[in-house]
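Asks: No letters, just coordinates:
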């Protein structure tokens with residue numbers, strides 16, 4: 001884990017040094033872009049349940065498409081997806097809610113990965129030559145899916161942040177998507193059932209599985225850190 005931290009610290013330092021060498025115009029443009037992104041993060045919010053119900057009534061069968069597009073779009077920003085997943089349980093019921101939320105989660109994660117690589121791909125690839133970067137990315141190639149799946153089980157790990165970070169590694173899109181789907185499945189099922197349960201009545205015991213999943217995810221990270229990685233030579 002220390003190697004991974006060092007790797008991203010190196011990327012951060014290189015990024016800061018790269019920006020410091022930019023022209024004033026380019027710096028202003030980058031600052032404006034960051035401000036727009038932060039403003040969008042603050043302004044954009046999950047629509048209230050009453051609004052979602054109104055949309056459902058107005059769009060009929062197309063509401064599944066509308067909700068899925070909304071889910072994928074909103075979660076491109078650092079906005080918790082929990083409310084959307086809860087809403088899917090309330091609006092669509094357990095079975096359909098699980099399928100819709102899980103497909104939306106996986107699609108959103110893969111889209112974020114592609115966007116980050118499109119924006120930072122060339123810059124990141126040029127910095128994968130150091131010994132630490134080679135070691136970290138070799139680990140990710142061998143078993144990155146396991147770490148991603150474990151992190152997805154921990155509710156405290158921001159969904160979008162993990163997408164951004166993964167975009168700066170060489171984990172494959174398919175592996176990342178499958179790991180996201182597998183790791184998010186237990187938590188999504190629990191959250192959808194919580195949403196469906198809240199539509200009926202409140203029960204504090206519904207949140208116990210979330211704690212258990214976080215513990216399971218932490219155990220997965222510990223196992224991953226202790227397992228040996230095959231040599232690249």
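Replies: Thanks, I have the structure now. Quick caveat: nothing in here was measured; it's all calculated off a predicted structure.

Asks: now the residue nearest to the spatial centre of the chain, nearest residue through space, not along the chain?
Replies: The centroid of the chain falls nearest to residue 159 when counting by C-alpha atoms, centre = their mean (3.0 Å). Nearest residue to residue 159, sequence neighbours excluded (C-beta to C-beta, 6 or more residues apart in numbering): residue 81, at 5.2 Å. Backbone N, C-alpha and C define where each C-beta goes, glycine included.

Asks: Phi and psi next, for that neighbour.
Replies: phi -90, psi 0 (degrees, to the nearest 10).

Asks: thought it was touching residue 75?
Replies: Yes - at 4.8 Å, residue 81 counts as touching residue 75 under the criterion of C-beta atoms under 8 Å.

Asks: how about the longest helix that the chain contains: buried residues?
Replies: Taking DSSP state H as the criterion, the chain has its longest helix at helix 94-125. For helix 94-125, the neighbour count (16 or more other C-beta atoms under 10 Å) marks 97-98, 100-102, 104-113, 116-117, 124 as buried.

Asks: again with stretch 168-177
Replies: Buried, per 16+ other C-beta under 10 Å, within stretch 168-177: 168, 169, 170, 171, 175, 176, 177.

Asks: Then stretch 18-33?
Replies: Going through stretch 18-33 with 16+ other C-beta under 10 Å, nothing comes out buried.

Asks: ok so, going back, which helices and strands does the longest helix of the chain pack with?
Replies: In terms of contacts (3 or more C-beta pairs under 8 Å, 6 or more residues apart in numbering; DSSP states H and E), helix 94-125 is packed against helix 2-20, helix 63-74, helix 82-92, helix 159-166, helix 173-200.

Asks: okay, the angle between it and helix 82-92?
Replies: Counting by axes from the mean of the first three to the mean of the last three C-alpha atoms, to 10 degrees, helix 94-125 lies at 150 degrees to helix 82-92.

Asks: could you check the angle helix 173-200 makes with helix 94-125?
Replies: 140 degrees.

Asks: Helix 63-74 and helix 94-125, what's the angle between them?
Replies: Going by the same axes, to 10 degrees, helix 94-125 makes 30 degrees with helix 63-74.

Asks: list residues touching both of residue 81 and residue 75?
Replies: 105, 108, 159 (C-beta atoms under 8 Å, 6 or more residues apart in numbering).

Asks: how about JSON lines for these, with pLDDT and distance to residue 152 added?
Replies: Putting the shared contacts of residue 81 and residue 75 into JSON lines (pLDDT from 0 to 100; distance: C-beta to C-beta, whole Å) gives the following:
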{"residue": "105", "pLDDT": "96", "distance to residue 152": "9"}
{"residue": "108", "pLDDT": "96", "distance to residue 152": "12"}
{"residue": "159", "pLDDT": "88", "distance to residue 152": "8"}
